[in-house]
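> Generate a structure from the sequence data that follows.
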Amino acid sequence: MKRCISVLLSMAMVLSLAGCTQKETRTTRQTTKDDETEVTETEDTETSATTTEASSETSETEGSTTESSATSESSESSETTESETSATETSESTEPSETTQSKPIDPAHPEFTHDLTTVALSNQAIDRGYGELMPGRKSEVARLTEHCDMYSITDQKYSKMNEKLEEIYGALKKKYDEEYDTRLSSFADTVKAIPDGNEWIWEHMEIDSRTYVSRSDSKVLSFNVDSYTHFGYDWKSDGAYYNFDPVTAEPIKLESIVTDRQALADVVLSFRISTDSDYYDEDDAAYNDVLTTLSERIHTGDLSTIDFGLTQNDLYLYQEGDSAGELSEYRCIISALDCGGCLDLSYFTATPEYYTLSSDFRFQIAWDFDEDGDIDTLRVANECSNYHRVDLKVYYNDKALPCEDYYDSEVTSIMDYYVIHNDDGFSLYIEFSKQDTPVSPLHIFRLNDGKVEYVGPFGEFDAYPYDPTSVRLQQRSDLLGTGDMVLTCSLTGDEGFPKEISFFYEKDEIVVTKKDMSIPQTDADGNPNGQTVTIPAGTTVRYFGVDTVNQRAFFSTLNKNEAENIEFTMPVSRFSHGIDYEIDLNGETSADLFVGMNYF
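Got it, this is the predicted structure:
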């Protein structure tokens, strides 16, 4: 089953990377932006002869090496690249070559280049699971699951980085495999001991390790791993942050990015909430304490002890602090182009052809959108006085842009937004919230010639869209329980509207069969193969998703001895993005076939 699904997702990866083009390297220079209202991408008029980058660390214990973003990475069809033009010869070796710089970049006048390569990632996640009906219950299922992301770079030229990733994920897998095996051995006793009235808290016993990527190109690979275990009322969580030069697999250190510690400390303090506010409360005070602590650590402490992450335009700094009496982690988002020159901008001003920009603590994005050499600011705001309504305003260099109506009366606030550079210039993706629902509907706009043109709605982001050529989006699904189906899309064309590049919709549910089932099987192309699978009543099965081309749902039985698991598919009818409750499986509704489904 995993092999079948991997093939389907691999085909999606190939489709997402097909048709990547090479363009001329563009360079601009930063000054102070005069008031303008146009947001367009200018034509490429010249290619930078050389582009310099600041020194980056190449060892945890030794000095730094230098590199230049003027050298384009050797690219395969699995990578997207904007430029191969460079004053330095591109390496022909099987490993991407290290490069050198001629001089540090002047923070007041950085050059913008677009010659980086998107580094495509693959996730061969480990999923294990088991479940049983709770004793004396007709529909409540106790589930034990393990999920562990296992990322690697698809281009094997990055073998050093893949070795490092294998080391990181191998240790996590070993740790959580042992935890799962221990919990599985005592599963029956655990289920028997569940107190009456507390069944809901034991329905999902989880061991979960998820990776969240914020940047992946030939200069920076930045991601964090969030892990947690949940067994009844026992919750434990942990996190780790990683920033690498993917060419050398050496860690990128915060001290190589920060050029002025005092200035950065002052920027962090500037985010504090005024104590004169009529609404200032204990949460605001706790938030200010976190920023004060972080500022002091930046100014006088050891920078190597501060967790951080990188996007194309922002620096993330993490600091623990009190939240409602519990220890929580706060994220401080620093805009690289709006922090007074306290960061080495070579980490931010070189981009691939397609890239994503995120908003900072002020809920704005600083970037040279029209590439005229001046830095612009984009800000999205809700200016409705009614708490449960949204009056959307988009400001460009502090001037309101004409904004087409997006026709969604159910949204109540703005959650977040991103700007993505694609074939049509820049597109704006706004995540809204709806009252009394976990859904964060996504609405898409095009920034075009000083106007904000509405493109349309489409689901919501499953994770940070670091690679616009392959983005995971999710849509509401009620197939075998309420949840989300995840699909892979490209955001590079069609005015930024998502184009599906995967025909496999992922969803993870564990249920128990109500009746004996005899199911004819098919080959990879959906043709009958003459085999029939019989699944007895009372069998615990895991649902992985739907092949929307062949209209087949993918399942596996779940046994304590995983070698006994049987993989099978079922025909699906009346499937439409997984929204309908009454989707048929093998000619019957899911309610006729399974128990243990949760709807909300």
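> next one: phi and psi at T548?
Torsion angles at T548 (phi, psi; degrees, to the nearest 10) stand at phi -80, psi -10.
> how about the nearest residue to it, chain neighbours excluded?
Among residues not flanking T548 along the chain, F503 sits closest, at 4.9 Å (C-beta to C-beta, 6 or more residues apart in numbering). C-beta coordinates here come from the backbone N, C-alpha and C atoms, glycine included.
> got it, and A142?
Spatial nearest neighbour of A142, chain neighbours left out: V191 (4.7 Å); criterion: C-beta to C-beta, 6+ apart.
> helices and strands around the longest helix belonging to the chain, which ones?
Of all the segments of type helix in the chain, defined by DSSP state H, the longest one is helix 159-185. With contacts defined as 3 or more C-beta pairs under 8 Å, 6 or more residues apart in numbering; DSSP states H and E, helix 159-185 has these neighbours: strand 126-133, strand 141-148, strand 151-153, strand 204-216, strand 221-231, strand 234-245.
> So which of those has the densest surroundings on average?
The densest packing among the helices and strands packed on helix 159-185, expressed as mean neighbour count by mean count of other C-beta atoms under 10 Å, is seen in strand 141-148 with a mean of 22.
> what is the rounded mean pLDDT of that strand?
The average pLDDT within strand 141-148 is 94.
> And it, what does it pack against?
The criterion is 3+ C-beta pairs under 8 Å, 6+ apart, and the helices and strands that strand 141-148 contacts are strand 126-133, helix 159-185, helix 187-192, strand 204-216, strand 504-513.
> repeat that with 10 Å
Using 3 or more C-beta pairs under 10 Å, 6 or more residues apart in numbering; DSSP states H and E as the contact criterion, the neighbours of strand 141-148 among helices and strands are strand 126-133, helix 159-185, helix 187-192, strand 204-216, strand 221-231, strand 504-513, strand 540-547.
> Please save the CA atoms from the fourth one in PDB.
Extracted as PDB, the C-alpha positions of strand 204-216 are listed here (Å, rounded to 0.1, in the frame of the first residue of the first chain):
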ATOM      1  CA  HIS A 204      -6.700   8.700  20.000                       C
ATOM      2  CA  MET A 205      -3.500   7.600  21.600                       C
ATOM      3  CA  GLU A 206      -0.800   9.300  19.500                       C
ATOM      4  CA  ILE A 207       2.900   9.400  18.900                       C
ATOM      5  CA  ASP A 208       3.400  12.100  16.400                       C
ATOM      6  CA  SER A 209       6.500  13.800  14.900                       C
ATOM      7  CA  ARG A 210       5.800  16.400  12.200                       C
ATOM      8  CA  THR A 211       8.200  18.500  10.100                       C
ATOM      9  CA  TYR A 212       7.400  22.000   9.100                       C
ATOM     10  CA  VAL A 213       9.600  23.500   6.400                       C
ATOM     11  CA  SER A 214       9.800  27.300   6.000                       C
ATOM     12  CA  ARG A 215      12.500  27.500   3.300                       C
ATOM     13  CA  SER A 216      14.200  25.000   0.900                       C
END
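> about what we covered before: dump the helices and strands packed on helix 159-185 to TSV, plus distance to L487.
As requested, these are exported to TSV (distance: least, C-beta to C-beta, whole Å):
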stretch	distance to L487
strand 126-133	18
strand 141-148	19
strand 151-153	19
strand 204-216	18
strand 221-231	22
strand 234-245	27
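> if we compare those, which one ends up closest to E453?
strand 204-216 (28.0 Å; C-beta to C-beta).
> May I see the buried residues of stretch 540-554?
Applying a neighbour-count criterion of 16 or more other C-beta atoms under 10 Å, the buried positions in stretch 540-554 are 540-548, 550, 552-554.
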